[in-house]
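Peer 1: Sequence and predicted model, in that order:
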Amino acid sequence: MPQHMNKKSGCKKDELTGSPSGPLLDPRGRQLRGQLKLAARVTMDHLRTGPVLFFDNTKLSYGNYAAVFSRIKDVFRKNGIDSYIDHCETVRGKSTGELRDLGERLAEKEPVAAIVALGDMGVAPATTILTIALEELGIPSVFITAPPGTALAKATAFYRAGRLCLCNIDLHQYSTAEDIRDQVDELIPAIMEALTLHPQRIDERASLEFALDTEAPAEDGFLSFAPGKLADGMDIADAQAVTDFFNKMRIGDGLPVIPPTEERYRRMMAYCQYRPDEVIAVEIGPSGQDIRARDIAVNAVLAGCQPQHMPILLTVFRAMAEPAYNLLQSVSTAHPGGDMVLVSGPLATELGIAGGPGCFGPGFPANACIGRAVKLVQINVCRAVPGISDLAGLSSPAEFSFCFAEEPGLSPWPLIHEERGDGKTTVVYVLKAESPHDIVDLLSQSADDLMVTLVDSCTTLGSNNAFIPGPLVLVLTPDHASILAHDGWDKRKIREYLHNHVHHSATRVENRGIVPVRPASFAGADPIPVTRSAEDIEIVVAGARGGHSAVILPWALHSEAVVRPVVLPDGRVPGSIEEFRNP
């Protein structure tokens, strides 16, 4: 992407608004779509010789889902196919590179073919990537999917490989073993075809059509239409026309956007000290594309950000790119949480990121635009498009924008950037999490009474942390913080008390919710804590005077909170956001 004016763009000023007009940059970035060369298919004799790999990503342990593989094997045995390799391993939390490594480990077992399952939910993208890796390693494979993961698996295969053999089965958590066996019987011909079809026909069988992006973005980074005009003839300086155009292409979040002209992009990049093609996050989302500095800048324009917001956004994406965050799965998970961005330190104040009255809501441009830009990158570049290639069943307002700050003077205790740094360095704290849940207590007059309310609010039987202990953010109003501090409670004491008292009885969480992911040390525990240690709990003071605090509960599925300092590329701590400005 050029940093300087392209001669063909002819950027000018709109006479009515004074806003830049000219060709628009494509918020999707680039899509390096490969066409997978499928492995050579095998004959029935090869399958009988074996072995055939049956890979279970652990989802077949749900309900009666194990009947999928058991029924396939029953049918195979009747056809003389009885040599198998069974491998069960989670794909959650694995990067694209780690999934390819897993494919290589499986290939060392020398299977003649592979049947992979199950792409039913958030594991669909990772399992698709594994199936692609097996094909690349010469192992003919078929991937069994189920709603709602089928569409997400198809999207991932479309963008990353162009073709893949998928077989869909309609499973429900209440499906009986008999129901599943009947569906598998109907699926057997498609499975056999996917593994044995003649070379001249297998590409057609594995080809994929997808609802989005029938044509890949142009290599020069610009949207393609007549200079100064949209496809329907509207002027690209018309923000509503641009918004309507993008909505048709499923670019954006449904809200009006700022047209991403090259001039606006250049202004945004003025506060980015990285090359435009600097990779910030590697191969993320269904599209499998790297998130580059220029992608963040273009989508920051769309979101309405100021150029000075770029250093915060770049730090946020570097934080989310850390393996602990599990960005690959988080961008399209069924969980309704957003990417919570908490900024702590002097740059938050300088940029006007709000942490006082109403900070979770409307009226604060920096909060709204920074949080919105984070999600726009995921929709546009990663192509985690709601309703199509994003599993969110209901979603939530947190997926529009979720950004706030710690404001100096509200807390009686050290702020995050003081606890985790030198007090001068601004940090971002990112967490995949639910929208804030209100904690009302207008009557408690002592810390002991208030803690009863706080403890009861920090989990529910329908929250992920009932089954997956992990990070938790408690946001106290200044009044609630004052009650606790007055009675001698500091952050350490609050954390330890919550860790020891927020829990569920083992019988209450057994066989409900989701399959638990807990530390080995929790085996046999009763009651079961919702945090692994007191250090999982973050205490923040924000908002207005009064009795409405909040708790922010995590996704936590192989996903941690990540804290990262906002520093210059050479590691120096900036004294002002202006130090990020390019000469």
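Peer 2: Thanks, I have it. What you see is a predicted model; the values in this text were computed from it and never measured.
Peer 1: Tell me which residue is most central in this protein.
Peer 2: Val331 (2.0 Å; Cα atoms, centre = their mean).
Peer 1: So Pro386 sits against Leu376, correct?
Peer 2: No: contact between Pro386 and Leu376 fails when scored by Cβ atoms under 8 Å: they sit 12.0 Å apart. From N, CA and C alone the C-beta is placed, and that goes for glycine too.
Peer 1: Neighbour count: these two, which is higher?
Peer 2: Leu376 (28 against 16; other Cβ atoms under 10 Å).
Peer 1: circling back to that earlier point, test my guess that the residue nearest to the centre of the chain contacts Gln378.
Peer 2: Yes: assessed by Cβ under 8 Å, Val331 is found in contact with Gln378 at 4.6 Å.
Peer 1: and stretch 566-575, which residues are buried?
Peer 2: Val566, Val567, Val573, Pro574 (16 or more other Cβ atoms under 10 Å).
Peer 1: Give me the phi and psi for Phe158.
Peer 2: phi -60, psi -50 (degrees, to the nearest 10).
Peer 1: Next one: it from Thr128, what distance?
Peer 2: Distance, Phe158 to Thr128, using Cβ to Cβ, to the nearest Å: 10 Å.
Peer 1: what do you get for Gly543?
Peer 2: 42 Å.
Peer 1: So which of those two has more stuff around it?
Peer 2: Thr128 (31 against 27).
Peer 1: show me what contacts Leu118?
Peer 2: With contact taken as Cβ atoms under 8 Å, 6 or more residues apart in numbering, Leu118 is in contact with Asp56, Asn57, Lys59, Leu60, Tyr65, Val68, Thr127, Ile144, Thr145, Ala146, Gly149, Leu171.
Peer 1: Name the secondary structure element that contains it.
Peer 2: strand 113-119 (DSSP states H and E).
Peer 1: Then Ile296?
Peer 2: Per DSSP H and E: helix 293-303 holds Ile296.
Peer 1: which residues of the stretch 451-583 of the chain score low on pLDDT?
Peer 2: Judged by pLDDT under 70, the stretch 451-583 of the chain has no weakly predicted residues.
Peer 1: show me where it has strands.
Peer 2: Using DSSP state E, counting those that start in this stretch, the strands of the stretch 451-583 of the chain run over 472-476, 503-504, 528-529, 537-541, 548-552, 562-565.
Peer 1: got a markdown table for the ones you listed, with mean neighbour count too?
Peer 2: Listed next are these as a markdown table, based on neighbours: other Cβ atoms under 10 Å:
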| stretch | mean neighbour count |
| --- | --- |
| strand 472-476 | 25 |
| strand 503-504 | 22 |
| strand 528-529 | 20 |
| strand 537-541 | 23 |
| strand 548-552 | 22 |
| strand 562-565 | 19 |
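Peer 1: so which of the ones you listed gets nearest Arg267?
Peer 2: strand 562-565 (25.1 Å; Cβ to Cβ).
Peer 1: Show me what the closest one is packed against.
Peer 2: Packed against strand 562-565 by the contact rule (3 or more Cβ pairs under 8 Å, 6 or more residues apart in numbering; DSSP states H and E) you find helix 310-320, strand 427-433.
Peer 1: Need the winner for burial among those.
Peer 2: Most buried of the helices and strands packed on strand 562-565, by mean neighbour count (mean count of other Cβ atoms under 10 Å): strand 427-433, with a mean of 27.
Peer 1: Just the residues contacting that strand, thanks.
Peer 2: By Cβ under 8 Å, 6+ apart, strand 427-433 touches 312, 315-316, 319-320, 325-326, 330, 333, 335, 337-345, 398, 402, 416-417, 420-421, 471, 473, 538, 552-556, 559, 561-566.
Peer 1: Alpha carbons of it, as PDB, please.
Peer 2: The C-alpha coordinates for strand 427-433 follow below in PDB (Å, rounded to 0.1, in the frame of the first residue of the first chain):
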ATOM      1  CA  VAL A 427      -0.500   0.000  29.400                       C
ATOM      2  CA  VAL A 428      -3.400  -1.600  27.600                       C
ATOM      3  CA  TYR A 429      -5.200  -4.500  29.300                       C
ATOM      4  CA  VAL A 430      -7.200  -6.700  26.800                       C
ATOM      5  CA  LEU A 431      -9.600  -9.400  27.600                       C
ATOM      6  CA  LYS A 432     -12.200 -11.300  25.600                       C
ATOM      7  CA  ALA A 433     -15.200 -10.700  27.900                       C
END
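Peer 1: Beyond that strand, next helix or strand please.
Peer 2: strand 437-440.
Peer 1: What pairs with that next one, parallel or antiparallel?
Peer 2: In the sheet, strand 437-440 lines up against strand 548-552 (antiparallel) (DSSP bridges).
Peer 1: now the partner strand against strand 537-541, angle please.
Peer 2: 150 degrees (axes from the mean of the first three to the mean of the last three Cα atoms, to 10 degrees).
Peer 1: give me every residue that touches Asp290.
Peer 2: Counting by Cβ under 8 Å, 6+ apart, Asp290 makes contact with Val279, Ile280, Ala281, Val282, Glu283, Ile284.
Peer 1: go again using 6 Å as the cut-off
Peer 2: Val279, Val282 (Cβ atoms under 6 Å, 6 or more residues apart in numbering).
Peer 1: Shouldn't it be within a helix?
Peer 2: No: according to DSSP: H, G, I helix; E, B strand; the rest coil, Asp290 belongs to no helix; its state is strand.
Peer 1: So which residues of the stretch 151-300 of the chain form helices?
Peer 2: Under the criterion DSSP state H, counting those that start in this stretch, the stretch 151-300 of the chain contains helices at 177-196, 199-206, 239-248, 262-269, 293-303.
Peer 1: Make JSON lines from those helices and add mean neighbour count to it.
Peer 2: Output for these, formatted as JSON lines (neighbours: other Cβ under 10 Å):
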{"stretch": "helix 177-196", "mean neighbour count": "16"}
{"stretch": "helix 199-206", "mean neighbour count": "13"}
{"stretch": "helix 239-248", "mean neighbour count": "17"}
{"stretch": "helix 262-269", "mean neighbour count": "21"}
{"stretch": "helix 293-303", "mean neighbour count": "28"}
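Peer 1: Now tabulate the ones you listed in TSV and tack on distance to Ala433 and mean pLDDT.
Peer 2: Formatted as TSV, the helices of the stretch 151-300 of the chain follow (distance: least, Cβ to Cβ, whole Å; pLDDT from 0 to 100):
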stretch	distance to Ala433	mean pLDDT
helix 177-196	35	97
helix 199-206	38	90
helix 239-248	28	91
helix 262-269	27	97
helix 293-303	20	98
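Peer 1: Adding distance to Asp86, write those out as TSV.
Peer 2: Putting the helices of the stretch 151-300 of the chain into TSV (distance: least, Cβ to Cβ, whole Å) gives the following:
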stretch	distance to Asp86
helix 177-196	17
helix 199-206	25
helix 239-248	47
helix 262-269	52
helix 293-303	41
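Peer 1: how is this protein carved up into domains?
Peer 2: 44-206, 250-433+564-583, 435-554 (automatic domain parsing).
Peer 1: who touches the closest residue in space to Ala300 that isn't next to it in sequence in this structure?
Peer 2: For Ala300, ignoring the flanking residues on the chain, the nearest one in space by Cβ to Cβ, 6 or more residues apart in numbering is Ala373 at 4.5 Å. By Cβ under 6 Å, 6+ apart, the contact list for Ala373 reads Asn299, Ala300, Ala303, Cys305, Leu313.
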